[in-house]
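In: Requesting a structural model of the entry that follows:
(one chain, ligands or ions: 3)
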Amino acid sequence: MNWDAEAEKIIEEIPLPPIMGRFARMDAERRALQRGLDTVSPAIAKAVEKGYEHVFGKEATEIVRRMCLGEDVELPDEFFEDDDDELFKIEICPAKFGACTDGKRRMIQDIVAPVRALLKKLGTTDIILRRALTPLMSHHVLRVAVIGCPNCCMSPYFADIGIICAFRPGLREGCVQCGLCVKTCAEEALCLEDGVPLIDHERCIDCGACVEVCPKDAICIEQKGYKVVAGGTGSRHPRIASTVTPFTDLGGVLRIVEKIVLAYRDYPQGNKEISFHGMVERAGTQNLA
Ligand code: SF4
Ligand code: SF4
Ligand code: SF4
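Out: Ligands and ions are numbered 1, 2, ... in the order given. Okay, here's the model as predicted:
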């Protein structure tokens with residue numbers, strides 16, 4: 001694929017979170033390929049820029065743009081705190097770098113510091129040190145993934161503990177039957193019945209996308225909370241985390257995290273090392289909620 005010099009410059013300046021930066025270039029080549037072109041033109045580069053602005057929204061795009069210019073964008077310090085002295089690690093989805101809405105970042109911010117403080121208070125590092133039977137390696141580290149919405153951009157289902165922000169929708173008056181919410185819901189959890197929107201809560205994954213598009217605020221976030229999953233790993237024997245609870249509040253998350261750490265501490269150990277995910281697999285999640 002050939003590149004016009006101006007197109008290269010436009011692509012380089014597109015504000016994207018660090019882990020996504022390389023995709024802009026590939027997306028430009030995708031667009032050129034699909035149009036049967038052998039050169040990426042400035043028009044294609046501009047389309048890439050618009051496309052990402054549409055996906056991330058103006059607010060997030062502006063934050064990342066300011067970050068790229070080295071400006072202080074006042075993202076919470078706790079997002080960037082490292083846990084190098086501990087044997088636990090809290091990983092945050094790209095909302096950490098400004099992606100997505102302020103509301104999602106606030107939900108993450110609400111949970112990160114209390115979870116970190118709890119893991120310290122429980123002596124998680126000490127518990128792991130006492131139980132490890134082999135030289136310490138990265139697989140000994142308790143991985144906690146905090147994710148801003150059910151899009152799950154950072155695989156919380158492969159973490160020991162996954163905490164996923166959830167936005168439970170509810171209906172209000174004022175619907176003008178425009179159908180935007182129905183069109184937006186990728187889970188087919190919404191329909192208009194006799195002109196009235198209906199939510200199928202069995203299908204709904206609490207992503208909040210319908211709320212964001214409703215022009216009349218006829219669908220609102222009724223409750224904010226967190227889904228908690230546990231026991232995931234992408235290691236030698238991959239395992240997708242099991243759901244501990246589909247919806248709870250901050251206090252509920254902390255209770256679950258505490259139960260997981262203490263269950264690990266007290267799990268009977270023979271002469272074989274047991275991991276967090278191994279413990280969850282054997283003991284199940286029924287006593288963790
Ligand atoms: S998981 Fe949700 S909040 Fe986090 S970066 Fe992805 S879309 Fe944004
Ligand atoms: S919250 Fe998400 S999954 Fe639930 S109805 Fe709205 S768009 Fe569909
Ligand atoms: S987007 Fe809002 S106004 Fe439009 S159909 Fe859905 S609830 Fe009604």
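In: my read: residue 253 touches residue 111, true?
Out: Yes. With contact defined as CB atoms under 8 Å, residue 253 counts as touching residue 111 (6.1 Å). Backbone N, C-alpha and C define where each C-beta goes, glycine included.
In: Those two: which is more packed in?
Out: residue 253 (24 against 21; other CB atoms under 10 Å).
In: Roughly how far does the nearest residue to residue 6 once chain neighbours are set aside sit from ligand 3?
Out: Here the nearest residue to residue 6 in space, its sequence neighbours aside, is residue 42; by CB to CB, 6 or more residues apart in numbering that works out to 4.6 Å. Using CB to the nearest ligand atom, to the nearest Å, one obtains 36 Å as the distance from residue 42 to ligand 3.
In: Just give the number of residues close to residue 42.
Out: Residue 42 has 15 neighbouring residues, counting by other CB under 10 Å.
In: Tell me which residues touch it, please.
Out: By CB atoms under 8 Å, 6 or more residues apart in numbering, the residues touching residue 42 are 4, 6, 7, 10.
In: Mind picking the two most distant members of those residues?
Out: The distance between the two most remote of these (CB to CB) is 9.2 Å, for 4 and 10.
In: which element is residue 11 on?
Out: Secondary structure assigned from DSSP states H and E places residue 11 in helix 5-12.
In: Now do the helix or strand harbouring residue 211, average pLDDT.
Out: Assigned by DSSP H and E, residue 211 falls within helix 209-213. Confidence over helix 209-213, taken as the mean pLDDT, stands at 92.
In: picking up where we left off before, more neighbours: which of residue 4 and residue 10?
Out: With other CB under 10 Å as the criterion, residue 4 and residue 10 differ in neighbour count, and residue 10 comes out ahead with 21 against 15.
In: where does the more buried one land on pLDDT?
Out: Taken from the predicted model, the pLDDT recorded for residue 10 is 94.
In: tell me the contacts of it?
Out: For residue 10, the contact set (CB under 8 Å, 6+ apart) comprises 42, 45, 46, 48, 49.
In: tilt between the lowest-mean-pLDDT helix or strand in the chain and helix 5-12?
Out: Per-element confidence for the chain was summarised using mean pLDDT, DSSP states H and E. The lowest value among helices and strands belongs to helix 42-68, with a mean of 87. With axes from the mean of the first three to the mean of the last three CA atoms, to 10 degrees as the basis, helix 42-68 and helix 5-12 are set at 40 degrees to each other.
In: Any residue of helix 42-68 touching ligand 1?
Out: No. Helix 42-68 does not reach ligand 1 (CB under 6 Å from any ligand atom); its nearest approach is 8.1 Å.
In: and after that helix, which helix or strand comes next?
Out: Taking DSSP H and E as the definition, the helix or strand that follows helix 42-68 towards the C-terminus is strand 88-92.
In: Could I get the CA-only coordinates of that following strand as CSV?
Out: Extracted as CSV, the C-alpha positions of strand 88-92 are listed here (Å, rounded to 0.1, in the frame of the first residue of the first chain):
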residue,chain,number,x,y,z
PHE,A,88,-1.6,-8.0,42.9
LYS,A,89,-2.1,-5.9,39.9
ILE,A,90,-5.1,-3.7,39.0
GLU,A,91,-5.5,-3.3,35.3
ILE,A,92,-7.9,-0.7,33.8
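In: Given it, what are its sheet partners and their directions?
Out: For strand 88-92, the pairing partners within the sheet under DSSP bridges are strand 142-147 (parallel).
In: and the strand it pairs with, anywhere near ligand 1?
Out: Yes. Applying CB under 6 Å from any ligand atom, one finds that strand 142-147 is in contact with ligand 1 at residue 147.
In: Residue 78 is in contact with residue 114, isn't it?
Out: No. Counting by CB under 8 Å, residue 78 sits too far from residue 114 to count as a contact (9.9 Å).
In: Helices of the stretch 101-250 of the chain, start to end?
Out: With DSSP state H, counting those that start in this stretch as the definition, the stretch 101-250 of the chain shows helices at residue ranges 102-121, 124-131, 180-184, 209-213, 250-266.
In: And ligand 1, is the fourth one touching that?
Out: The one in question is helix 209-213. No. Counting by CB under 6 Å from any ligand atom, no contacts exist between helix 209-213 and ligand 1, the nearest distance being 9.9 Å.
In: buried sites along that helix?
Out: The neighbour-count check on helix 209-213 (16 or more other CB atoms under 10 Å) flags 209, 210, 211, 212 as buried.
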